[in-house]
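**Student:** quick one, structure for this:
(chains A, B, C and D)
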Number of protein chains: 2
Amino acid sequence: MPGGRGWGGGRGCRRGINRFLEPCLLLLLHGGESHGYQLLENLSRFGFGDAPADSSTVYRILRSLEEKDFVTSRWTEGDSGPARRVYSLSGKGDRYLQMWVEDLRETDRILHRFFSEYSEHMELHCESDGKN
Amino acid sequence: MPGGRGWGGGRGCRRGINRFLEPCLLLLLHGGESHGYQLLENLSRFGFGDAPADSSTVYRILRSLEEKDFVTSRWTEGDSGPARRVYSLSGKGDRYLQMWVEDLRETDRILHRFFSEYSEHMELHCESDGKN
DNA sequence: CCATCTATGTGCAAACTGCATATAGATAAT
DNA sequence: ATTATCTATATGCAGTTTGCACATAGATGG
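**Tutor:** Model prediction:
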């Protein structure tokens, strides 16, 4: 099962768009520097169905973005709570976001191609074919 | 890099929608029984950007679909060439396709949520901010 | 006989992800 | 003061998916 909504997903069970958290984080950082925990909360704006995004995945993506120089980070002492690693988007990261957007537009086209194939096909099979 | 179009992808480099070949194959089989090689050719109808879908992936997905009783298969001697393993969609597979479609609609919603967040954000940043 | 096309498959390594768990400072409750 | 909870970051692990390379084998044409 594709691990999607309603068909029981296990550990490595994936669904939806690959690495989709990455462009979401990049977009959030385009709005200004932020730290992992805050980004995690702001990710809810993108409404991932039900699940509120796994924190470990978020932190790992942020570190991998830094490895590739798409973001930079520095430690700061907040007004309260433990120290935070604050990330900022770089110019390279900005361009990377643009590539992601193009890629997602292509994904969107592919998705709609599927939907149109689907409805076109289902028009010809509108009688409920009682398959066993 | 997300392995997408234009940023160099390696072996385990994934992109786009997870297991997307699965609903495509199910939809093709909904149109009538077929074998792997033929399905592989018909997949071009879904226009996966440039790459024409990897054959090993297609064959593996077909076997995994049979394992879960979403399709059945039988061997046939064609008019020409080697024997073919011909797959047929089962009723269970038909329902599985419906779940896939719902899942893809949700993916579509999430994708458009991203796009609207993106354009909404970019409206406020229309001046080209020369990030280094 | 050899190259090529048709057709199906395995091996492998890289990559992604969700869950569990670890760590630790700060804050609130008892 | 001790304990629990919240904030914040991170690692380990195992399951899953994927693309590339490669293997196998029958059929067909030169």
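
**Student:** and residue A:42, how many neighbours?
**Tutor:** 15 (other CB atoms under 10 Å in any protein chain shown). (C-beta placed from N, C-alpha, C; glycine too.)

**Student:** next: residue A:105.
**Tutor:** 12.

**Student:** three-state assignment of it?
**Tutor:** State at residue A:105, reduced to three classes by DSSP: H, G, I helix; E, B strand; the rest coil: helix.

**Student:** can you check the one 4 residues further on too?
**Tutor:** Reducing the assignment at residue A:109 to three states with three-state DSSP gives helix.

**Student:** and for it, the neighbour number?
**Tutor:** A count of nearby residues for residue A:109, using other CB under 10 Å, gives 12.

**Student:** give the residue spans of chain A that score low on pLDDT.
**Tutor:** A:1-13, A:49, A:126-132 (pLDDT under 70).

**Student:** break down it into its helices, ranges please.
**Tutor:** Ranges of helices in chain A, per DSSP state H, are A:21-30, A:36-42, A:55-67, A:91-123.

**Student:** identify the residues contacting the third one?
**Tutor:** This points to helix A:55-67. Residues from elsewhere that reach helix A:55-67 (CB atoms under 8 Å, 6 or more residues apart in numbering or on different chains): A:19, A:21-22, A:25-26, A:36-37, A:39-40, A:43, A:71-73, A:85, A:87, A:93.

**Student:** got it, and the second one?
**Tutor:** Residues from elsewhere that reach helix A:36-42, judged by CB under 8 Å, 6+ apart: A:25, A:28-29, A:34, A:52-53, A:55, A:58-59, A:62, A:84-85, A:87.

**Student:** redo that, cut-off 6 Å
**Tutor:** A:25, A:28, A:55, A:58-59, A:62 (CB atoms under 6 Å, 6 or more residues apart in numbering or on different chains).

**Student:** check whether that helix contacts DNA strand D.
**Tutor:** Yes - on the criterion CB under 7 Å from any atom of the strand, helix A:36-42 is in touch with DNA strand D at A:36-38.

**Student:** whichever of these end up buried, select them in PyMOL.
**Tutor:** The buried subset of the residues of helix A:36-42 next to DNA strand D, as determined by 16 or more other CB atoms under 10 Å in any protein chain shown, is captured in PyMOL by this line:
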select buried, chain A and resi 36+37
